[in-house]
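Q: A structural model of the following input is requested.
(one chain, ligands or ions: 1)
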Amino acid sequence: MNSEEFRKYGKELIDFVAEYMETNEKYSVKSTVVPGDIFSQLPSVPPDNPESFETIIKDFHDLIIPGITHWQSPNFYAYFSSNNSYESILGELLSSALGVHAFSWETSPAATELEEMMMIWLRDMISLPNQFVGVIQDTASTSTLCSLLTAREQKFKKNPLLKRSEISNFRVYCSTEAHSSIERAVHITGIGKQNLVKIATNSDFSMNIDLLENYLNNDLRNGFIPLCVVSAIGTTGSLAVDPVDKISEIAKKYDLWHHVDAAYSGNAMILDEYKYLSNLVKDCDTFVFNPHKWLFINFDFSAYFVRDKEALISTFEILPEYLKTSQGNSVNNYRDWGIQLGRRFRALKAWFVIRSYGVSGLKEKLRYHNYLAELIYNKVVESNDFELMAPFFMNLVCFRFKPDDLLNEDEINRINEDLLQKINSTGKLFLTKTKLNNKTTLRMVTGTTRANEKYVLDAWHHIERLAQQYKN
Ligand code: PLP
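A: Residues are numbered from 1 along each chain as shown. Here you go, the predicted model:
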């Protein structure tokens, strides 16, 4: 492709993107293809000869779009949102064009220094204490893995007599509602899933810290080595908030590393009404939240903060001759702040988004999303056929269908599973579920960029209508 063609097709695709962003509700929000549908339409060998870009774009529309689940559709209420914005897309475009690897300061000083400043902006936006320094990771899973690797290495560093083989006695603690990325990180670090202690929760699905202390004392008596506790600000199931400040006190008492997973709800900490959450986390060691979920900076962009930058760097630092630079450690070389060497220039899209919206604009959008969820919450509370399954928080409503004449829990679970299938198979909405107290729970998250009152209320009426068939 030459520059003339690039301009031509670039304009065409920008037009498509603009239209897509304004009209993506016209698609079935959840792709209706069956497994293998897309694969079977793709040639099994790459083309020997060049193909025209026109044909390629046509195939994108004909083959790929039908297999897309439309995360940016206002009818997407599943998982947690992963919203985007025009500004972010343009930031990605420029980042692709520059194609830099931001691993050493000199591989692109602007990429490093903009990242440094964006992490200061984000840290201050969520009111984390200024001892924290941040780095962009791809996902919360990676951030949590970095935290556990750092905890592990710090344990050995501070206890030089401890043998590496003792790792099989390390213990990590989190609640039964914690995200699966913690279990995966415990596995990858070599500590072993059997050493992840899952603490039962209180009635609001937050970690029961009396039980945490019981487990810690028991483990110490039995020769285990408590290493780390991971607490949550906003669990995936129901946005439960662990007593993070109390967990910090326990972490101090038992010499535990304390990581806070605020992947989704951390975004709402930019709002004054959630300042108290920032106060809860001020004594933790590491903290992660994902602006790629709810701050209009499109995937991927995970904001990882550490109190002790040297502890992080010493975990990953490795310096072959070919990576040595004349600036040495007088600058940030992000290659040593995580697992990967090559790193994309992700700060650019954050810069575009935060400047274009302004912090006040971001706050306004998030408050609006919370207001939309409140509309659904009110519908659930007012209804005789639905019930709330967890305390309502931010923009997630956890509910289930349960008319008065349905009493058998297994039957209620079965009907809710079936109802969810029906809701999603219409292509009009996409919701996901979880289990809370063993009860099938439908989750509705109002966090897409285009969410509005009409979409949300239409969605509720649709759910109500579909549920009617289960009434006697
Ligand atoms: N932690 C929580 C609380 C989450 O809800 C999620 C995903 O939704 C994650 C971690 C994992 O996020 P990521 O996909 O960025 O690894």
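
Q: now do the strands in the stretch 351-472 of the chain.
A: Assignment of strands within the stretch 351-472 of the chain using DSSP state E, counting those that start in this stretch yields the ranges 386-388, 396-401, 432-436, 439-445.

Q: can you list those in TSV and add mean pLDDT and distance to D410?
A: No exception for glycine: its C-beta is placed from N, CA and C like everyone else's. What follows is the strands of the stretch 351-472 of the chain, written out as TSV (pLDDT from 0 to 100; distance: least, Cβ to Cβ, whole Å):
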stretch	mean pLDDT	distance to D410
strand 386-388	97	17
strand 396-401	98	13
strand 432-436	98	13
strand 439-445	98	10
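
Q: number of residues surrounding V359?
A: A count of nearby residues for V359, using other Cβ atoms under 10 Å, gives 13.

Q: quick check: residues of the stretch 101-250 of the chain near the ligand?
A: Residues of the stretch 101-250 of the chain lying near the ligand by Cβ under 6 Å from any ligand atom: 139-141, 179, 181, 232, 235-236.

Q: widest-spaced pair of those?
A: Greatest spatial distance among those (Cβ to Cβ): T139 and T235, at 17.0 Å.

Q: quick one: D255 and P226 touch, right?
A: Yes: between D255 and P226 there is a contact under Cβ atoms under 8 Å: 7.5 Å.

Q: coming back round to it: okay if I get the strands of the stretch 351-472 of the chain as JSON lines plus mean neighbour count and distance to the ligand?
A: As requested, those are exported to JSON lines (neighbours: other Cβ atoms under 10 Å; distance: least, Cβ to the nearest ligand atom, whole Å):
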{"stretch": "strand 386-388", "mean neighbour count": "18", "distance to the ligand": "20"}
{"stretch": "strand 396-401", "mean neighbour count": "26", "distance to the ligand": "10"}
{"stretch": "strand 432-436", "mean neighbour count": "17", "distance to the ligand": "10"}
{"stretch": "strand 439-445", "mean neighbour count": "23", "distance to the ligand": "10"}
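
Q: show me the contacts for L312.
A: Counting by Cβ atoms under 8 Å, 6 or more residues apart in numbering, L312 makes contact with 135, 146, 150, 306, 337.

Q: now render those residues as CSV, adding pLDDT.
A: Listed next are those as CSV, based on pLDDT from 0 to 100:
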residue, pLDDT
V135, 98
C146, 98
T150, 98
V306, 98
W337, 97
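
Q: so which of those sit within helices?
A: In helices, judged by DSSP state H, the following of the contacts of L312 are found: 146, 150.

Q: widest-spaced pair of the contacts of L312?
A: Taking Cβ to Cβ, no two of the contacts of L312 sit farther apart than V135 and T150, at 12.0 Å.

Q: list residues touching both of those two?
A: 306, 312.

Q: the stretch of helix or strand E12 belongs to: what's the following helix or strand?
A: Here E12 sits within helix 3-23, counting by DSSP states H and E. Using DSSP H and E, the helix or strand that directly follows helix 3-23 along the chain is helix 37-41.

Q: name the surrounding residues that touch whatever helix or strand comes next after that following helix.
A: Sequence-wise, the next helix or strand downstream of helix 37-41 (DSSP H and E) is helix 53-59. Contacting residues not belonging to helix 53-59 are listed as 1, 5, 9, 12-13 [Cβ under 8 Å, 6+ apart].

Q: from those residues, pick the one nearest N416.
A: L13 (41.1 Å).

Q: nearest residue to the closest one other than its sequence neighbours?
A: I57 (7.5 Å; Cβ to Cβ, 6 or more residues apart in numbering).

Q: do you know how far that neighbour is from the ligand?
A: Going from I57 to the ligand by Cβ to the nearest ligand atom, to the nearest Å gives 30 Å.

Q: over to I120?
A: 22 Å.

Q: tell me if that residue really is in a helix.
A: Yes: under DSSP: H, G, I helix; E, B strand; the rest coil, I120 falls within a helix.

Q: just put the contacts of helix 53-59 in CSV and tack on neighbour count, distance to the ligand and pLDDT.
A: Shown next, in CSV, are those (neighbours: other Cβ atoms under 10 Å; distance: Cβ to the nearest ligand atom, whole Å; pLDDT from 0 to 100):
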residue, neighbour count, distance to the ligand, pLDDT
M1, 10, 33, 95
E5, 12, 36, 97
Y9, 15, 32, 97
E12, 13, 32, 97
L13, 15, 27, 98
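
Q: next, the buried residues of the longest helix belonging to the chain.
A: In the chain, with assignment by DSSP H, the single longest helix is helix 347-382. Under the neighbour-count criterion of 16 or more other Cβ atoms under 10 Å, helix 347-382 has 347-354, 356-357, 362-363, 365-366, 369-370, 372-374, 376-377, 379-380 buried.

Q: so how far is that helix from its chain's centroid?
A: Relative to the chain's own centre, helix 347-382 is displaced by 16 Å; criterion: Cα atoms, centre = their mean, to the nearest Å.

Q: which residue of the chain sits farthest from its center?
A: N49 (40.8 Å; Cα atoms, centre = their mean).

Q: quick one: Q41 from the ligand, how far?
A: Here the criterion is Cβ to the nearest ligand atom. By it, Q41 lies 29 Å from the ligand.
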